[in-house]
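Asker: Curious how this folds, go ahead:
(4 chains)
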Amino acid sequence: MSFPLLTATAALPAVGAIVTAAVPAARRTAAKWLALLVSLATLALAVTVLVRFDPDGDRYQLTESRAWIADFGVRYELGVDGIGVALIGLTALLIPFIILAGWHDADPSPSSQLRSSRGGPNETKAPYKWRPTQGFFALILAVEAMVIISFEATDVFLFYIFFEAMLIPMYFLIGGFGDRAHAGSDENASAQRSYAAVKFLLYNLVGGLIMLAAVIGLYVVAGNFSLQEIAEARANGTLDMATNTERLLFLGFFFAFAVKAPLWPLHTWLPNAMGEATAPVAVLITAVVDKVGTFAMLRFCLGLFPEASKWATPVILVLALISIIYGALLAVGQRDIKRLVAYASISHFGFIILGIFVMTSQGQSGATLYMVNHGISTAALMLVAGFLISRRGSRLIADYGGVQKVAPVLAGTFLIGGLATLSLPGLAPFVSEFLVLVGAFARYPVVGIIATVGIVLAALYTLVLYQRTMTGPVKPEVSAMPDLRVRELVVVAPLIALLIGLGVYPKPLTELVNPAVEHTMSDVQKKDPQPEVEAAK
Amino acid sequence: MENLIALLVAAPLLGAAVLLCGGRALDRAGHWLGTLLAAASFVIAVVLFTDMLGKGAEERTLSQHLFSWIPVEGFQADVAFQLDQLSMTFVLLISGVGTLIHVYSIGYMEHDERRRRFFGYLNLFLAAMLLLVLADNYLLLYVGWEGVGLASYLLIGFWQHKPSAATAAKKAFLVNRVGDVGLSIAIMLMFTTFGTFAFGPVLEATGQTSEGKLTAIGLMLLLAACGKSAQVPLQSWLGDAMEGPTPVSALIHAATMVTAGVYLIVRSGAIFNGAPDAQLVVTIVGAVTLLFGAIVGCAKDDIKKALAGSTMSQIGYMILAAGLGPIGYVFAIMHLVTHGFFKAGLFLGAGSVMHGMNDEVDMRKYGGLRKYMPVTFVTFGLGYLAIIGFPGLSGFFSKDKIIEAAFAKGGTEGWLLGSVALLGAAITAYYMTRVMIMTFFGDKRWQPDADGHAPHPHESPKSMTIPMIVLAFGSVFAGGFFSIGDRFMHWLEPVTRHDHGNSPLSAATVTGATMVVLVIGVALAYVQYGRRPVPVTAPRGSLLTRAARRDLLQDDFNHVVLVRGGEHLTRSLVYVDHSLVDGVVNGTAASMGGLSGRLRKLQNGYARSYAVSMFGGAAVLIAATLLMRAV
Amino acid sequence: MTQLAAYTTSTGEAVQFWVLGTVAVIGALCTILMKKAVHSALCLAGTMIVLAVFYLANGAYFLGIVQIVVYTGAIMMLFLFVVMLVGVTAADSLKETIKGQRWLALLCGLGFAVLLFAGIGNASVTQFNGLGKANAGGNVEGLAALIFTKYVFAFEITGALLITATVGAMVLTHRERTERAKTQRERSEERVRAGKHLPPLPAPGVYARHNAVDIAGLLPDGTPSELTVNKTLRERGQIRDVSTEALDDLRALEQRSADRLERPDLRGTDIGRTEEASK
Amino acid sequence: MNPVNYLYLAALLFAIGATGVLIRRNAIVVFMCIELMLNACNLAFVAFSRMHGNLDGQIIAFFTMVVAAAEVVVGLAIIVSLFRSRHSASVDDASLMKL
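Answerer: Coordinates of the predicted model:
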């Protein structure tokens, strides 16, 4: 058997997490460097996966398969298609930036040693033994490991386990490491943070439990958990599901993914979680973890239940449209920078889900590209916003003004992040958004037109945010604000370069994704609508 | 030769990248670099132009395929350029006027500490605009289209410390985005109808689809054009855009951005030709805007805003002409080019005046400046004569032709449109004369400003006057050069086609009528402003004047309906999200909590209470058993 | 005796049933309604004796005797013994402190009775066999034969149970001394040091309400002599009236229960609070 | 008279005992009520024994007595130790089952 590359890609950060967590309390910096190195090594492995992957080859490549829980037909099965490779690449790419951006986020703050505001009342009595820095980076690596294996798993049960297990480190990341910039007292912030963390956990747990029921139901119906086997059996007719069974199972899966994604009206955990978490963790949530939800819709919902997916399409499209418009409108109404980005993300997830369920090649390619591009663009915007917030110590938009004058580079990167969010042509998100819109329009013109309204609203919230924070007279509180430091520039510059690069030349990505999308299209047995006129091409 | 096309775009793009990413080190040489690259672009354009002239009329189209941009199943978007006569005209205008404005900016922005960045933005604008006119498909055009929007956003909001500038920039971008929705829907429609959105295949296949589809595409394109070219109802951003530095106004208004809409319509001529209803709407929009802009221009005391109104009106002429179909395409473009010269000249002149007057923009505080700024006066004056259509100057030829073409449309529409165009010419003469008189003639009305600095009107430096002079040349001679022997028409005909139409009025009649209204307009303005002293504070004015000062209340409408309504909508949605969507979930949680709290009270810890429940439960069980037995 | 086990019941048995049955029910009711535990115990004992008679009437001679000897004789004495240990003054308050408990209890009791009656009524046992055959070899012998054959295992286990219960009772009531017991000397020294004169309690097991130190001695003619009472006893407050103490205890107990029931809820509002905070 | 009447009597006594358990707070009285309930059961067993014509019912009643004796021993011991520590024989006072 050849080298288990996929296992290694997932296992490396997992091992890294354990080692990082074990670094002695005093060696905080060593832990940071260790985490960074591990994440970079993971990136190298992910690149290897990317290189070894042949877009035009088999549907699932680099497969691994071992018996695991033989009694229940659970196998340790890994394999990637183009979409998975792209998202693994995105994850491995973003984690080093997240680690670098959060370099100082988990340093014990001077106040926390005196009167620790986190960890509950016991900690004031206990001597300061907790190692937040090690924990923070270890948790990030743990999330990375779980996300990567979720993208790789082709066994439904294996996927489910890591899909759910992800919640544990995320819960601690949200609840344990809050944004230091908050309005009000420490106690207030602590209460809000735990509220956000619990809300995150409850929403996702409920989704996960419903999915568990569906997973078990799937086993009862199909007799095993293997994605490939079930899909194959369904395709050649050996596995016949009753219509209602299929629909119920589909709904069970979809609900969990819709919570994770998040789709209106299951979205309210996201603004809380993103608002209260530190900026890098917020990026981790929206750019990495939530992608598992949309990815799983594409792989599991469409792959396992094509008929039910088609059955549910109208409702899902309406919900996606509501997400797009509603998220954008709410973003306009936010007073908190991070919550604004969160609502913008909800709008963008609406686009992704729209692209997946319009079931056209353009829509699904666009949705996949959107996942990658949204990850990069939100990371850029959110991380710069995090740098901004850490300087002023406030998340409220009204507390800023005229930053452009004192910190032009920060303002410039913020603007580019914002422009990416509003899908300016030339930047990567445009490609994906336009593909989704075209894909939607080709099959459901009205849906496409309504979704297009979203791009105006996107401009509105982005520009209002930029105007209120960056332009105008310099507020006294921001007048001494330093511009981006080298570490921060190292974080932002590559992201922006990627945004521009993928905006101008997205071909490598589309070529990676296209064959996978073709497979998905054949799963659901849908053909693209043909143009009315066969123009000479 | 065709490999040079990419360089046209690449040169200013490189400049933008270097200037914006480069550090302070470039502060001293940055503006030269920017100007040089703009000039390089112009030189390349000229080279390509001469090459093009050397070919036969039908072989002049060049194309360059760079790379495949978005290859997705059934969806091919390429980065490819197409340079034909229409594009060439624009490229020359954009890079030429653009270069002049760069030169002008060297002087105008001399004291601005962020000059390097300004030049970066100018270069970016140039690159985007060139991309727009060079693209060989609608999607790439869309990139340029939005790129222009971005650059104008950056330029209008260049003085970001002024909240009004930042707001104006945002407004411009947003209104343009509304138009962009039209363009993207048009592209989607093309994609679903034709399976492609490259110019060639789409424009060739227009005959194969229904008129309804074409009308839909046409109307969507018109929406896009309205946004970018500041046509009613999306014109509101243009007046506010005057918050930007004056070269920006010149660049946006004269040569480039606002003419993009005209380009789009003329480029998509085949689509509009197949959709007469869409064409009718285009002409109506053009005619309405023509009057709208002119009326607004009459009332404004801010010199730049008056010129902005005039721009709106002139673009209205072009849109009107473009809406006339093959009769008008050529004249739309011709007016566009001549307008590019004289309006750029006028704006640069206005900038020069402001430069000498401590950035004062209120014309009521000018007066008698002709003695202090002779060069500005002369160039501005030539621009003035050109725009009102003084015989022999550029505007005369181009505008006259449009009025003629409007009549040639035929039928009631023709008469109506022609009359509106004539009326517009009269108002143009009126408001331009007003601007001229208030600025350069009459008494000195300037006063020390709040800080006690009395303005010392003076002529601007060479770097500013030379571009004005060059543009003045263009204003004077371009029209004649183009019209003699119908040169321009023959040049563009292979692309746009041309149709003479059958005008109910002879060319001479139209010219005569134009002259008459011209004289009336000038005379009215003279009577009102030349004979009497101009009051420094604006009189209250008639209802129309007051409405026109407020952009005919369109902004107020927007404010009340869109801004205020939007604010209420978002605020109520935030509330809904918090209390309804979140509330349902939290309510479930809270009711669970409440229920468990109530249930918890049952667990009061008294053994006897538990005993009661046990006995009660036992009783119920026995009862159930008995009942089941009984049944 | 054998006729009692016949197929029909005699009139005498019917009379006996209705008379003694009434007594048993009254005794049972008194058991639960008497204020004092002693009275309850006595009433229960009465009921049990009646039951013993019923056992005998039903041909369970062995059980009837056992009921009298073991139950009424031993167990009820045990009860009385404990009542004495706990103190006769520890009267039970019949005031109900748990809201609705009494009504619920009555409802349960009544419901239970009705259900059982209904169940028995439904069973329609109109004929019965009588124990003539089973008791032919003597009741005790019959029982013994069953116990040592069919139920021998259960019998052995009950033995173990009894042993366990005995040991358990000893363990429960045995107090392990964790420290050296104070000697009488130490106690008296402590008392002197405290300077307080703790009057003795009334003697246990009697219905004395106070320690009676102020009761004057009787002169030979039967009149009480105040001289026999030491004045200092009164001045020191050495007269200890326990009845008020007992009543106070009772009141305190009721108060405690009431307090506990109406204890304000401190939890259960967490979600609302954090929700407020996040606004 | 039908011996079923014994069963009715047993049922009545049982119900009375149950009510007593529920309304009395003195642990000793509660115990007595439990005894009453056990005795009521015993009566029923004895009556059944007569009805069925075999001695099994009596055996069960016998075992019940034994178990009741054991229970009383342990229960009273518990009451005594409770009284020692709390100076009260009220079952409400021993309500440690609460949160």
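Asker: wait, residue B:264 sits on residue B:226?
Answerer: No - counting by C-beta atoms under 8 Å, residue B:264 sits too far from residue B:226 to count as a contact (10.4 Å). Glycine gets a C-beta too; all of them are placed from N, C-alpha and C.
Asker: Stretch B:3-15 vs chain A: in contact?
Answerer: No - if you take C-beta under 8 Å from any C-beta of the partner chain as the test, stretch B:3-15 misses chain A, and the best it gets is 10.3 Å.
Asker: What residues sit buried inside that stretch?
Answerer: Buried residues in stretch B:3-15, defined by neighbour count with 16 or more other C-beta atoms under 10 Å in any protein chain shown: B:4-15.
Asker: Tabulate these in a markdown table, adding columns for secondary structure.
Answerer: As requested, these are arranged in a markdown table below (DSSP: H, G, I helix; E, B strand; the rest coil):
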| residue | secondary structure |
| --- | --- |
| B:4 | helix |
| B:5 | helix |
| B:6 | helix |
| B:7 | helix |
| B:8 | helix |
| B:9 | helix |
| B:10 | helix |
| B:11 | helix |
| B:12 | helix |
| B:13 | helix |
| B:14 | helix |
| B:15 | helix |
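Asker: And the helices in the stretch 1-150 of chain C?
Answerer: Ranges of helices in the stretch 1-150 of chain C, per DSSP state H, counting those that start in this stretch, are C:11-33, C:37-57, C:61-66, C:76-86, C:101-123, C:139-149.
Asker: again but with the stretch 1-150 of chain A, I slipped
Answerer: Using DSSP H, counting those that start in this stretch, helices in the stretch 1-150 of chain A cover A:5-21, A:28-52, A:82-101, A:110-114, A:122-125, A:132-152.
Asker: would JSON lines of those helices with mean pLDDT and mean neighbour count be doable?
Answerer: Putting these into JSON lines (pLDDT from 0 to 100; neighbours: other C-beta atoms under 10 Å in any protein chain shown) gives the following:
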{"stretch": "helix A:5-21", "mean pLDDT": "89", "mean neighbour count": "21"}
{"stretch": "helix A:28-52", "mean pLDDT": "89", "mean neighbour count": "19"}
{"stretch": "helix A:82-101", "mean pLDDT": "90", "mean neighbour count": "26"}
{"stretch": "helix A:110-114", "mean pLDDT": "45", "mean neighbour count": "11"}
{"stretch": "helix A:122-125", "mean pLDDT": "40", "mean neighbour count": "11"}
{"stretch": "helix A:132-152", "mean pLDDT": "89", "mean neighbour count": "27"}
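Asker: closest one to residue A:450 among these?
Answerer: Residue A:450 sits nearest to helix A:82-101 of all the helices of the stretch 1-150 of chain A, at 26.2 Å, using C-beta to C-beta.
Asker: just checking, what packs against that closest one?
Answerer: Under the contact definition 3 or more C-beta pairs under 8 Å, 6 or more residues apart in numbering or on different chains; DSSP states H and E, helix A:82-101 sits against helix A:5-21, helix A:28-52, helix A:132-152, helix A:279-283, helix A:290-296, helix A:361-392, helix A:486-504, helix A:507-523.
Asker: Can you list the buried residues in stretch B:32-52?
Answerer: Applying 16+ other C-beta under 10 Å to stretch B:32-52 flags B:33-35, B:37-42, B:44-45, B:48-49, B:52 as buried.
Asker: meant to ask about stretch B:277-296, not that
Answerer: The neighbour-count check on stretch B:277-296 (16+ other C-beta under 10 Å) flags B:278-279, B:281-296 as buried.
Asker: Only alpha carbons, please: show it as CSV.
Answerer: This file holds the C-alpha atoms of stretch B:277-296, laid out as CSV (Å, rounded to 0.1, in the frame of the first residue of the first chain):
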residue,chain,number,x,y,z
ASP,B,277,-39.2,49.3,-28.0
ALA,B,278,-35.9,49.3,-26.2
GLN,B,279,-34.7,52.0,-28.6
LEU,B,280,-37.7,54.1,-27.9
VAL,B,281,-37.0,53.9,-24.2
VAL,B,282,-33.4,54.8,-24.8
THR,B,283,-34.4,58.0,-26.7
ILE,B,284,-36.9,58.9,-24.0
VAL,B,285,-34.3,58.5,-21.3
GLY,B,286,-31.9,60.6,-23.4
ALA,B,287,-34.4,63.3,-24.0
VAL,B,288,-35.6,63.5,-20.4
THR,B,289,-32.0,63.6,-19.1
LEU,B,290,-31.1,66.2,-21.7
LEU,B,291,-33.7,68.6,-20.3
PHE,B,292,-33.2,67.5,-16.7
GLY,B,293,-29.5,68.2,-16.8
ALA,B,294,-29.9,71.5,-18.6
ILE,B,295,-32.5,72.8,-16.1
VAL,B,296,-30.3,71.7,-13.2
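Asker: Right, I'll call it a day here.
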